[in-house]
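# I need the structure of the sequence given here:
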Amino acid sequence: MKHDYERTVVSALDEALKNYSQSRAFTCIGHTLTYRDIDRLSAQFAAYLQQEAKLQPGDRIAIQLPNILQYPVVLLGALRAGLVVVNTNPLYTAREVKHQLQDSGAKALVVLANIADRSASIISETDVEQVIVTELADLHPPMKRVLLNAVVKYIKKMVPEASFPNAIGLREALASTNGDYQTVDRSVEDVAVLQYTGGTTGVAKGAMLTNRNLVANMYQLNEHMEGQFRVNKEYYVAPLPLYHIYAFTLHITSAMSLGNHSLLIPNPRDIKGFVKALKGEPFTCFVGLNTLFNALCRDPDFRALDFSHLRLTASGGMALTAAAAKRWKEVTGVPIYEGYGLTETSPVVSSNPPGGIREGTVGVPLPETECRVIDDEGNVLPQGEAGELCVHGPQVMKGYWNRPEETEKALSEDGWFRTGDMAVIERDGYIRIVDRKKDMINVSGFKVFPNEVEDVLCTHPDIAEAAVVGLPDEESGERVKAYVVANNGLSVEEIRAFAKKNLTAYKVPQEVEFRDELPKSNVGKVLRRELRDEEPNKASGSA
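Down below sits the predicted model:
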């Protein structure tokens with residue numbers, strides 16, 4: 001089926017809000033918002049952004065929220081106001097938040113009160129003019145809202161003090177208008193979301209995802225999974241963060257366009273709390289990744305759940321191991337559909353199709369998506385040979401924000417995107433990812449770039465040099481290891497504590513090895529591969 005994609009994300013979601021107004025859209029911490037609720041609340045937020053915050057079409061707004069009911073409301077409100085959404089990881093340190101706000105030129109920030117102290121400490125160094133702060137249960141019914149927010153703030157003491165020059169509470173912002181916002185004429189070629197990624201080079205930059213990119217991937221995925229993604233019948237479990245493009249596409253654009261329902265899990269690392277939220281819920285689809293599948297299958301309470309309604313499990317973000325897939329099917333009775341994608345491709349490139357799961361592959365390209373592999377000189381290789389995977393299709397990004405040179409490296413003139421991943425395309429079109437061309441480390445689906453970690457470590461006064469690599473890890477896919485040339489007396493604990501102050505937890509080295517010197521090339525470049533190659537010998541030697 002050929003789609004023209006000549007519509008915006010707002011147009012596609014507005015249609016869903018109208019068609020499924022009575023249906024449940026999102027549930028979180030015991031409360032559900034219908035499509036009509038999302039419509040009303042997002043209209044109020046759009047009106048606030050236009051009338052009170054005075055933001056203009058094309059202005060950037062950073063959204064730093066976990067999986068809570070406020071996310072879809074704020075997202076759709078921002079898009080309705082004609083703004084560009086900058087998805088921001090709630091786990092980020094102040095340093096990381098500052099970079100993203102500065103680089104994007106964000107004029108506004110929506111942040112959860114629990115983490116607002118980090119952005120408050122750096123907000124004066126950015127262009128942010130308006131901050132909207134929300135508490136965990138702000139969209140719950142009055143009695144439950146007051147109780148939950150009080151428990152979080154005063155009993156659990158999970159809300160540190162934070163002060164902004166110009167801040168307003170989300171509830172106050174919503175109450176400031178009647179929801180009569182001005183419709184904005186946005187083009188399908190306009191950027192809707194700035195999704196930050198290291199891409200293929202490790203330099204944090206924003207992938208410009210247009211309305212066409214996001215709507216195209218929505219249609220492509222829905223068509224590819226036709227018969228599995230039923231209209232107005234599915235109940236998704238949503239533990240992966242909506243600020244990540246994988247979950248964004250599955251739970252916001254794809255699920256909402258079909259009138260389906262998502263159960264938002266704010267903190268999937270709390271396995272006991274996660275399983276408690278699942279109990280008694282007739283979920284039909286589960287979206288996860290390898291690390292999460294392993295953790296859940298080890299939990300006796302999860303294994304005791306009723307899986308009779310579960311029809312489909314989707315995996316992405318990191319490689320799915322055969323052991324995890326087997327364990328999940330034994331526990332739930334349902335196989336896992338593994339797919340592949342990147343931030344720059346909005347994100348889905350390929351997936352195992354209904355009735356055609358082949359373990360060890362990431363399936364076949366989505367409709368209207370072309371894939372090929374090339375050698376180092378750019379020559380297209382025949383099927384069955386490994387090379388760098390390149391992708392062409394309507395979901396491929398417009399480019400990197402304010403980085404024309406990086407865009408030119410990644411995108412050819414005719415729109416082919418170089419993924420940086422090594423793959424084999426089999427004769428029947430199935431794709432196997434065999435390696436990564438770059439040194440990026442994948443920890444539970446999150447990208448960790450050695451350059452960033454090394455740069456942070458080397459700001460320590462007692463560290464002369466550092467090199468960081470990823471090593472295989474059964475639980476998280478890969479773990480971060482640092483090799484450090486340091487002054488005498490510095491301990492592993494001190495290094496990790498220093499890293500924790502400046503890096504999100506998944507970027508902090510789990511292992512640290514002290515070296516007198518690091519292996520280098522003739523021109524002085526640290527040879528990370530040499531360090532990685534030493535590790536198997538250490539393991540066999542210790543065994």
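# Could you pull out the helices in the stretch 101-250 of the chain for me?
Ranges of helices in the stretch 101-250 of the chain, per DSSP state H, counting those that start in this stretch, are 116-120, 142-150, 170-175, 211-224, 245-247.
# where in the stretch 301-450 of the chain is pLDDT low?
Residues of the stretch 301-450 of the chain that meet the criterion pLDDT under 70 lie in 436.
# Quick check on the most centrally placed residue in the chain: phi, psi?
Nearest to the geometric centre of the chain sits H244, at 1.5 Å (Cα atoms, centre = their mean). The phi and psi values for H244, taken as degrees, to the nearest 10, are phi -90, psi 140.
# One more: I431?
Dihedral angles for I431 - degrees, to the nearest 10 - are phi -110, psi 130.
# Name all residues that make contact with it.
340, 350, 361-365, 371, 389, 423-425 (Cβ atoms under 8 Å, 6 or more residues apart in numbering). C-betas here are computed from N, CA, C, even on glycine.
# again, only this time at 10 Å
Shown in contact with I431 (Cβ atoms under 10 Å, 6 or more residues apart in numbering): 339-340, 349-351, 358, 361-365, 371, 373, 389, 421, 423-425.
# I'd like the list of the residues you listed that fall within strands, please.
Residues of the contacts of I431 located in strands (DSSP state E): 339-340, 349-351, 364-365, 371, 373, 389, 421, 423-425.
# The helices of the stretch 101-250 of the chain: which one's closest to L194?
For L194, the closest of the helices of the stretch 101-250 of the chain is helix 245-247, at 11.0 Å, according to Cβ to Cβ.
# any low-confidence regions in the protein?
1-4, 198-203, 436, 521-525, 539-543.
# any idea which helix or strand comes after the top helix by length along it?
Determined from DSSP state H, the single longest helix within the chain is helix 35-51. On the C-terminal side of helix 35-51, the closest following helix or strand by DSSP states H and E is strand 60-64.
# helices and strands around that next one, which ones?
In this structure, strand 60-64 makes packing contacts with helix 70-80, strand 84-87, helix 94-104, strand 108-112, helix 116-120, strand 130-134, strand 191-197, judged by 3 or more Cβ pairs under 10 Å, 6 or more residues apart in numbering; DSSP states H and E.
# Starting from that strand, tell me which strands it pairs with and how they run.
Strand 60-64 pairs in its sheet with strand 84-87 (parallel), strand 108-112 (parallel), by DSSP bridges.
# Ok, which of those comes nearest G316?
The nearest among the strands paired with strand 60-64, by Cβ to Cβ, is strand 84-87 at 16.4 Å.
# if we can go back for a sec, would you agree the residue nearest to the centre of the chain is in contact with V193?
No. H244 lies out of contact with V193 (Cβ atoms under 10 Å); the separation is 11.6 Å.
# which residues do those two both contact?
87, 343.
# re earlier: out of the helices and strands packed on strand 60-64, the one nearest V480 is which?
Closest to V480 of those, according to Cβ to Cβ: helix 94-104, at 15.5 Å.
# got the angle for that closest one vs strand 108-112?
Angle, helix 94-104 to strand 108-112, by axes from the mean of the first three to the mean of the last three Cα atoms, to 10 degrees: 150 degrees.
# which of the ones in strands among the contacts of I431 lies closest to R515?
Distance to R515 across the ones in strands among the contacts of I431 (Cβ to Cβ) is lowest for D421, with 29.7 Å.
# can you tell me how far that closest one sits from I374?
Distance check for D421 against I374: by Cβ to Cβ, to the nearest Å, it reads 12 Å.
# so what sits against both of the two?
388-390.
# need the contact list for T249.
T249 makes contact with 209, 214, 217-218, 220-221, 242, 255, 316, 341, 346-348, 395 under the criterion Cβ under 10 Å, 6+ apart.
# Switch the residues you listed over to JSON lines; also include neighbour count and distance to V334.
As requested, the contacts of T249 are exported to JSON lines (neighbours: other Cβ atoms under 10 Å; distance: Cβ to Cβ, whole Å):
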{"residue": "L209", "neighbour count": "30", "distance to V334": "31"}
{"residue": "L214", "neighbour count": "26", "distance to V334": "28"}
{"residue": "N217", "neighbour count": "28", "distance to V334": "24"}
{"residue": "M218", "neighbour count": "27", "distance to V334": "24"}
{"residue": "Q220", "neighbour count": "26", "distance to V334": "23"}
{"residue": "L221", "neighbour count": "26", "distance to V334": "19"}
{"residue": "L242", "neighbour count": "25", "distance to V334": "23"}
{"residue": "A255", "neighbour count": "25", "distance to V334": "18"}
{"residue": "G316", "neighbour count": "27", "distance to V334": "16"}
{"residue": "G341", "neighbour count": "24", "distance to V334": "21"}
{"residue": "S346", "neighbour count": "31", "distance to V334": "26"}
{"residue": "P347", "neighbour count": "29", "distance to V334": "23"}
{"residue": "V348", "neighbour count": "30", "distance to V334": "20"}
{"residue": "Q395", "neighbour count": "32", "distance to V334": "27"}
